[in-house]
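Participant: Sequence first, then the predicted structure, then my questions.
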Amino acid sequence: MNRKKSAGFVAAAMVLIFFTGCGDGAGGGKFVTEASPEGGGTVSRDEESDDLAMVSVSGGTFTMGGTPEQGRDCLDSERPAHSVTVGNFEIGKYEVTQRLWERYMGNNPSNFRGNDLPVESVSWDDVQEFIRKLNEQTGERYRLPTEAEWEFAARGGGSSKGFKYSGGNSIGEVAWFDGNSGSTTHPIGTKNANELGIHDMSGNVSEWLSDWYGNYSGGSVSDPRGPSSGSRRVARGGNWVRDAVYARVSDRRSNVPGDRPGNIGFRLARSSR
């Protein structure tokens with residue numbers, strides 16, 4: 001792994017990172033050294049702390065939806081672009097791993113197996129049960145991000161540089177997608193982080209969000225939570241089997257909450273303390 005790629009693992013010097021221990025009181029994460037899938041180096045990881053690492057995002061106002069840098073790829077579902085204000089929150093530095101899922105659920109439904117791979121083939125309903133168990137054992141209040149929080153974080157929050165993808169305009173530097181994935185998922189954090197130090201928001205696996213799916217409406221809104229009901233939940237971010245157009249920060253799609261697609265996982269969020 002080159003020096004640029006490894007910079008994401010020292011992002012704590014740039015953003016405030018909160019580490020939360022796992023719920024069995026064992027204390028002290030286990031450090032492991034693993035080969036980068038791209039070769040050329042290794043990455044040291046405190047596996048327990050990294051699995052629950054949270055990035056603190058200062059709230060702000062941004063334009064959500066099909067903004068100019070998204071180009072001609074924008075779909076009707078991304079329009080109209082509109083002003084959104086979000087409050088302070090925390091969001092996972094990484095997608096939830098299979099190791100963390102197994103720890104609290106006692107099973108691993110993923111098609112591609114590996115401790116540091118993102119969990120996939122989990123439904124929105126499954127994720128709610130995972131979060132319930134995680135909160136019960138840790139005493140925390142983890143949840144899924146809202147769609148507005150997710151896009152604000154993917155764009156880099158108040159530090160946004162206006163990139164097309166989360167972390168840059170070169171898809172291969174920031175995301176695992178169908179053009180470079182080799183038809184498989186990859187260990188978390190092995191692509192460049194975005195402006196806030198968050199990894200994999202444009203690729204690896206798409207991510208379940210808390211909102212019911214619905215059309216955007218014009219006008220300014222604050223801390224939107226989506227429609228009050230619906231039949232499909234929002235999923236965001238590109239993934240290993242989709243091309244670059246689906247990795248854009250404004251792209252959005254939806255799935256039935258009981259479905260378990262092999263290209264969807266999730267990351268955690270938490271309201272600021």
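Facilitator: Done, it's in.
Participant: which regions of the stretch 1-150 of the chain sit below the pLDDT cut-off?
Facilitator: 1-49 (pLDDT under 70).
Participant: Helices of that one, residue ranges please.
Facilitator: Assigned helices in the stretch 1-150 of the chain, in chain order: 3-6, 47-51, 98-105, 124-138, 147-154 (criterion: DSSP state H, counting those that start in this stretch).
Participant: Looking at the ones you listed, spot the one closest to residue 88.
Facilitator: helix 147-154 (10.1 Å; CB to CB). The C-beta positions use only the backbone N, C-alpha and C, and glycine is treated the same way.
Participant: What segments of the stretch 151-273 of the chain are helices?
Facilitator: Applying DSSP H, counting those that start in this stretch to the stretch 151-273 of the chain gives helices spanning 171-174.
Participant: all strands of it, in order?
Facilitator: Under the criterion DSSP state E, counting those that start in this stretch, strands of the stretch 151-273 of the chain are mapped to 206-212, 221-222, 233-236, 252-255, 264-265, 269-271.
Participant: same question, the stretch 1-150 of the chain
Facilitator: Under the criterion DSSP E, counting those that start in this stretch, strands of the stretch 1-150 of the chain are mapped to 17-18, 31-35, 42-46, 54-57, 60-64, 82-86, 89-92, 142-143.
Participant: For the fifth one, name the packing helices and strands.
Facilitator: Read it as strand 60-64. Helices and strands touching strand 60-64, by 3 or more CB pairs under 8 Å, 6 or more residues apart in numbering; DSSP states H and E, are strand 82-86, helix 147-154.
Participant: what angle sits between the first one and strand 60-64?
Facilitator: Right, strand 82-86. Here strand 82-86 runs at an angle of 150 degrees relative to strand 60-64 (axes from the mean of the first three to the mean of the last three CA atoms, to 10 degrees).
Participant: which residues sit against strand 82-86?
Facilitator: With contact meaning CB atoms under 8 Å, 6 or more residues apart in numbering, strand 82-86 is reached by 59-65, 146, 148-149, 152, 216-224.
Participant: Partner strands of it and their direction?
Facilitator: Paired strands of strand 82-86, with direction, are strand 60-64 (antiparallel), strand 221-222 (parallel) (DSSP bridges).
Participant: OK, contacts around the nearest residue to residue 258 once chain neighbours are set aside?
Facilitator: Of all residues not flanking residue 258 in the chain, residue 123 sits nearest, at 5.2 Å (CB to CB, 6 or more residues apart in numbering). Applying CB under 8 Å, 6+ apart to residue 123 gives the contacts 257, 258, 259, 260.
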